[in-house]
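S.K.: Kindly generate the corresponding structure for this input.
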Amino acid sequence: MRSRFIVKFVITAFFAVAPFILSGCAAKKSPESLRALNAGKDIQFSKANENEIIVKSGNGTVSVPQISGTITLDEAIAYALTHNLNAAVSKTEEEVQREMSTAAMMKMLPALIANVERSWKSRHVPSKSVNYTTGAESLAPSISSELETATESVELSWDLLDLAINVNRWKQSGDRVRIRALQLRRIKQNLAFEVTGAYLRAAVAKDAAKQAEKVIGYALQRQEIIDTQMEKGHIPKIDGLQSSIDIAELLIRLTRYSDEYKASKTELARLLGVAPTTPFELVDIDFASLPGQLIMSGEDMGREAMLSRPELFELDIEEQITSKDAEIAIMSMFPDLTPFVRYQHDANKFLTRHDWFVSGLKLSWDMLSIPEAYAEQQTAAARERLVRKRRMNMAMAVLTQLRLAVIEYENYMRQVEQALELEKLRKDLAVEVHQQVETGRLKESTLLNADQLYIVAHHARLTAAARLLTARQRILNSMGRDWDAGGKKIVSTANDLEVALQ
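M.R.: Numbers count the residues shown, from 1 in each chain. Take a look at the predicted model:
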């Protein structure tokens, strides 16, 4: 009967473990087949458009539509904050760290261990006793246990030293969750800045492309006129061919603005987290309305940066973590005290009582581990000093970055004024050249060259304006402001981009 039970037990155990054994022995997919499988999923994900998302910010509620049609800068930033893959990765890392914090909290629970034993001896093992003084046998060989052992026990114990250490590790894990949240916040701040720059670059390229299309259309019309005049002999062939060459070179130069717009949109699509081929357009931006002089003092901006930059918060928390590492190392030098209570049951028929409770304290002290713990404490103290130095270095880097952003903003303000004056002169010259060409005083090539130089000056002015707006966003980014943080204005005037850039 007993042997039959043993066979059933072994068979049951085998079938319980067999699925795990078979799963480990299953043939793995080759790297090529695995990549082919995941590539389809990746392509499908990159082409998928999400449903409409409502994003609430300090500037109001922004409706984030599917990326199609025309999108504003606000919509582009809001969409990027919810769809950009770098931000999504950082968010997932925060969720992973949060689960690790939960696991660290669960480690503080006491240990509750249940044991069940069923074993069988092949034969009895009798024992006898002898008189300690005389050496004579005092008890005939006897047994006090059965061939079959059937015991159960449940023990509740709580290692108090481990509890103290795990409490500190749980706090450290919570600190790491906050670090991940700060990293995500900084990623979003940088993302808003990068989207702003990419959007404005694309808007400049779009405007320049429109201007280029007008000149290209006019150039093609002039080319037809020149061809007709050459056929009729109204102009020398050499002059006609030279004009055609000038027009061809102009078309080559102007085409780059259209290519630049496509490239800028592709970069913007990457930041938005959509496929590069996703069709969308940008709203026209009035670059004539620009921010003015800075009205917030450098001291106030520096103070706000010191109190707002996520990197500094992160290093503050990192210093706390290393400080707790030193505390944990000191704790591990102390003896280990473990109270416990255990219930036991033994089916041995030779026992007069078959169940009982045991309670008590266990004290253990691994004294040879003290040198190792001391070394760990010294290492943690050194790391704490290192983090403190890194924080000071980061504070200096933040102030330097902010100062450079202010210098860049002031520089682009001057560039905008200079580029605006140059554009005005080029425009006046182009108008005068048009009039001279119409009266026959100048050649066609002179007109087209004047138009091209005007477009170059116009593009330079728009580029300077876009860089000025981006420089303002760089200042806000250096101060550690979120996209929707609001706060004190830093410039004297506002423009249509104030909601997105303030």
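S.K.: Provide a list of residues in contact with Y199.
M.R.: Residues in contact with Y199 (C-beta atoms under 8 Å, 6 or more residues apart in numbering) are L73, A76, L268, L282. Quick note: C-beta positions are derived from backbone N, CA and C, even for glycine.
S.K.: Could you do S138 as well?
M.R.: Taking C-beta under 8 Å, 6+ apart, we find S138 in contact with S129, V130, N131.
S.K.: Neighbours of the second one, how many?
M.R.: The local packing count at V130 equals 11, with neighbours defined by other C-beta atoms under 10 Å.
S.K.: repeat for the last one
M.R.: Counted with other C-beta under 10 Å, the neighbours of N131 add up to 10.
S.K.: cool, and the first one?
M.R.: S129: 11 surrounding residues under other C-beta under 10 Å.
S.K.: element containing the residue lying closest to it once chain neighbours are set aside?
M.R.: Leaving aside its chain neighbours, S129 sits nearest to L139 (4.0 Å; criterion: C-beta to C-beta, 6 or more residues apart in numbering). Element membership for L139 (DSSP states H and E) is strand 137-142.
S.K.: Give the partner strands of that strand in its sheet and their orientations.
M.R.: Paired with strand 137-142 in the same sheet, following DSSP bridges, are strand 127-130 (antiparallel).
S.K.: Now do the partner strand: distance to the chain's middle.
M.R.: The chain centroid and the centroid of strand 127-130 are separated by 74 Å under C-alpha atoms, centre = their mean, to the nearest Å.
S.K.: ditto for stretch 449-463
M.R.: Relative to its parent chain, stretch 449-463 has a centroid offset of 39 Å by C-alpha atoms, centre = their mean.
S.K.: residues making contact with it?
M.R.: Contacts of stretch 449-463 (C-beta under 8 Å, 6+ apart): 204, 207-208, 211-212, 215, 218-219, 246, 250, 253-254, 257, 287, 416, 419-420, 422-423, 425-427, 429-430, 433-434.
S.K.: on that earlier part again, let me have the contacts of Y199 in CSV, extended by secondary structure.
M.R.: Below are the contacts of Y199 laid out as CSV (DSSP: H, G, I helix; E, B strand; the rest coil):
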residue, secondary structure
L73, helix
A76, helix
L268, helix
L282, strand
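S.K.: quick one: which of those residues is nearest N477?
M.R.: L73 (15.0 Å; C-beta to C-beta).
S.K.: Roughly how far does the closest one sit from L272?
M.R.: 12 Å (C-beta to C-beta, to the nearest Å).
S.K.: Common neighbours of the two, please.
M.R.: V195.
S.K.: So between the two, which is more surrounded?
M.R.: Taking other C-beta under 10 Å, L73 and L272 do not tie; L272 has more neighbours (26 against 22).
S.K.: now that one, nearest residue through space, not along the chain?
M.R.: Leaving aside its chain neighbours, L272 sits nearest to A80 (5.0 Å; criterion: C-beta to C-beta, 6+ apart).
S.K.: Packing partners of the host helix or strand of that neighbour?
M.R.: Assigned by DSSP H and E, A80 belongs to helix 73-83. Judged by 3 or more C-beta pairs under 8 Å, 6 or more residues apart in numbering; DSSP states H and E, the packing partners of helix 73-83 are strand 53-57, strand 60-64, helix 160-232, helix 237-272, helix 498-501.
S.K.: ranking those by burial, who's on top?
M.R.: helix 498-501 (a mean of 20; mean count of other C-beta atoms under 10 Å).
S.K.: Per-residue pLDDT of the spatially closest residue to S157 that is not a sequence neighbour, please?
M.R.: The shortest distance from S157 to any non-neighbouring residue, by C-beta to C-beta, 6+ apart, is to F340 (3.7 Å). What the model reports for F340 is a pLDDT of 95.
S.K.: Doesn't F340 lie inside a strand?
M.R.: Yes. Membership of F340 in a strand is supported by three-state DSSP.
S.K.: Residues in a beta bridge with it, which ones?
M.R.: Going by DSSP bridges, F340 forms beta bridges with S157, G360.
S.K.: In contact with it, which residues?
M.R.: Each residue near F340 by C-beta under 8 Å, 6+ apart is listed here: E155, L156, S157, W158, S359, G360, L361, K362.
S.K.: distance of the residue minimising distance to the centre of the chain from K188?
M.R.: Nearest to the mean C-alpha position of the chain, by C-alpha atoms, centre = their mean, lies S90 at 3.2 Å. Separation of S90 from K188 (C-beta to C-beta): 8 Å.
S.K.: Could you do D484 as well?
M.R.: Distance of D484 to K188, computed by C-beta to C-beta: 10 Å.
S.K.: With K265 instead?
M.R.: In terms of C-beta to C-beta, K265 sits 22 Å off from K188.
S.K.: Would you confirm that S289 belongs to a strand?
M.R.: No. Read with three-state DSSP, S289 is coil and lies in no strand.
S.K.: Am I right that D482 is in contact with I187?
M.R.: No. The pair D482 / I187 is not scored as a contact, 11.4 Å apart, by C-beta atoms under 8 Å.
S.K.: any common contacting residues for these two?
M.R.: Taking C-beta under 8 Å, 6+ apart as the contact criterion, no residue touches both D482 and I187.
S.K.: Pull out the buried residues from the helix holding A80.
M.R.: Neighbour-count burial for helix 73-83 flags L73, D74, E75, A76, I77, A78, Y79, A80, L81, T82, H83 (criterion: 16 or more other C-beta atoms under 10 Å).
S.K.: so how far is A450 from E94?
M.R.: Using C-beta to C-beta, E94 is found at 57 Å from A450.
S.K.: quick one: which of these two has more around it?
M.R.: Per other C-beta under 10 Å, whichever of E94 and A450 has more neighbours is A450, with 21 against 18.
S.K.: S142: neighbouring residues, count only.
M.R.: Residue neighbour count, defined by other C-beta under 10 Å, stands at 11 for S142.
S.K.: Leaving out sequence neighbours, find the closest residue to it.
M.R.: The spatial neighbour of S142 that comes closest, neighbours along the chain excluded (C-beta to C-beta, 6+ apart), is P126 at 5.9 Å.
S.K.: Name the helix or strand for A373, please.
M.R.: Per DSSP H and E: A373 is located in helix 370-438.
S.K.: What's the mean pLDDT across that helix?
M.R.: The average pLDDT within helix 370-438 is 92.
S.K.: Point out the other helices and strands that that helix packs with.
M.R.: Using 3+ C-beta pairs under 8 Å, 6+ apart: helix 370-438 touches helix 298-308, helix 310-331, helix 444-478.
S.K.: what angle do the longest one and helix 237-272 make?
M.R.: I take that to be helix 444-478. Angle, helix 444-478 to helix 237-272, by axes from the mean of the first three to the mean of the last three C-alpha atoms, to 10 degrees: 20 degrees.
S.K.: what comes up buried for helix 444-478?
M.R.: By neighbour count on 16+ other C-beta under 10 Å, the buried set for helix 444-478 is 444-445, 447-478.
S.K.: again with the shortest one
M.R.: Taking 16+ other C-beta under 10 Å as the neighbour-count basis, helix 298-308 is seen to contain the buried residues M301, G302, E304, A305, S308.
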